[in-house]
Structure formats: structure tokens, C-alpha cells
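**Student:** below are the sequence and a predicted model for it; my questions follow.
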Amino acid sequence: MKKKIALLCLAWFAQSTNAADIDLVGLSPGKAILVVDGAPPKAYSIGNTISGDVKLLEADRESATIIEHGKRQVLVIGQGAHRSAPSKGNTVTLSAGERGHFMATALINGVSVNMLVDTGASLIALPVSDAVRLGLNYKAGRMGRASTAGGIVNTYLLKLDTVKIGDVELHQVDASVVESGLSIALLGMSFLNRMDMRNDGDKMTLTKRY
């Protein structure tokens, strides 16, 4: 019995140390160019094994989708996937892009949305194009006003049922839909306030607090 327990512990240790950093650096239809654990860039075709049990599931001109243990993660260029030991689903690590900005691919109400991490935004902010794609009846939300580079614009305040990044998922998150002047969704403080944030160079680790 003790020998069996020891073997199980050894197997768990081997799995938990089989971590990899996967960075997306290039795309073409059906292929993704990835950097795995700092190795030279390598092209992977759909269905190829990237590392361990991680496979490339989809790739087009905008994003690549990887899958591990049945869990999908969508990557955009400049964003990395950090795999670590199994956790309670409370932590996600983001990588900075070429310009030093942190990007995240979130699932909002189950739909993939590319977002820019913005600690200066009080709420998650969505362009109208993303709101329409999400099927949000945003004009039923409470109307407000916001100052943008293009002037004062209308906003609509609402709650998002779910916002999920990696394994971290929040429910009933305040957001605003910005009528014009916003080209990319912003991951603002209505999400980030519920995280402990730690910056380590080009890595940002978000740990769910509540």
C-alpha cells in the first residue's frame, strides 16, 4: 500500500512540474507560430501536440485556440498562456505584448472577447460592436456619459452574467457599453478590484479574492 501511495505521489509530482509557457508570435490560416518555454519559434498545424497534453485546436488570421484536458484557451499575438500545476481555478497569468500592454482573451457570457487590461477604467468597457456580438440589449441599460478622445459620448451601464479569463470566473460584473470612440474592450476595475494583481516584469498574475 505504501509503495502504491509513493508511486501516486511521484506521478502527481511529475505532472505538477510539467509546466510550460506558450507564447503566440505568428499566425496563418491553419497554423500558429509559438514559443514554448523560451525555445525558438516553431510553426504548429491544427491538431499538432504543442507540449505534453496541449494541442493546437484552431488557428486563423486573428487568434489561435489551444486545448488541454478538454479546456480551451484562445490566444492572440502578444498574449501568452502560462500553464502551471493544477489549482483551484483562482489564478491566471497574462503576458505583456510587444508594446508592454497586457491583453486578455475573456469569455463574456460564453463568447470570446479580446480585452486590454486598463487599471484606469472604473468598469469593463465594451465597444458597441462587441456588445452586439454578445447579444446584449445594452440600450436597456442605465444611460450615462463618458469623455473620450473624440469628445463626450453616451454609455449604457449593465451587468455581465459571467466574465472568465483562463480558469478565473466572475459573475454579475458591472460594465458599460461605449457608443463610439472605443476600438477595443477594456478590462477595467469592476473586474480587477476583485483580484490581487502582481506584476513581475512582462508577467501579470491575477488571483481571485472573491
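**Tutor:** Thanks, I have it.
**Student:** immediately after the helix or strand harbouring E169, which helix or strand?
**Tutor:** For E169, the element it lies in under DSSP states H and E is strand 168-178. As assigned by DSSP H and E, the chain's next helix or strand after strand 168-178 is strand 185-187.
**Student:** give the contact list for A140.
**Tutor:** When the contact criterion is C-beta atoms under 8 Å, 6 or more residues apart in numbering, the partners of A140 are Y156, L158. For glycine as for every other residue, the C-beta is placed from the backbone atoms N, C-alpha and C.
**Student:** could we number from 827 for the rest of this?
**Tutor:** Sure, I'll start numbering at 827, so the last one becomes A966.
**Student:** mind listing what's buried in the strand holding E995?
**Tutor:** For strand 994-1004, the buried set under the neighbour-count rule, 16 or more other C-beta atoms under 10 Å, comprises V994, L996, V999, D1000, A1001, S1002, V1003, V1004.
**Student:** gap between the strand ranked longest in the chain and the chain center?
**Tutor:** In the chain, with assignment by DSSP state E, the single longest strand is strand 977-991. Centroid separation for strand 977-991 versus its chain: 17 Å, with C-alpha atoms, centre = their mean, to the nearest Å.
**Student:** now do stretch 940-957
**Tutor:** Taking mean C-alpha positions (C-alpha atoms, centre = their mean), stretch 940-957 and its chain are 13 Å apart.
**Student:** state the mean pLDDT of that stretch.
**Tutor:** Averaged across stretch 940-957, pLDDT comes to 95.
**Student:** list the buried residues in it.
**Tutor:** 940-944, 947, 949-954, 956-957.
**Student:** likewise stretch 978-986?
**Tutor:** Buried positions in stretch 978-986, judged by neighbour count with 16+ other C-beta under 10 Å: T981, Y982, L984, L986.
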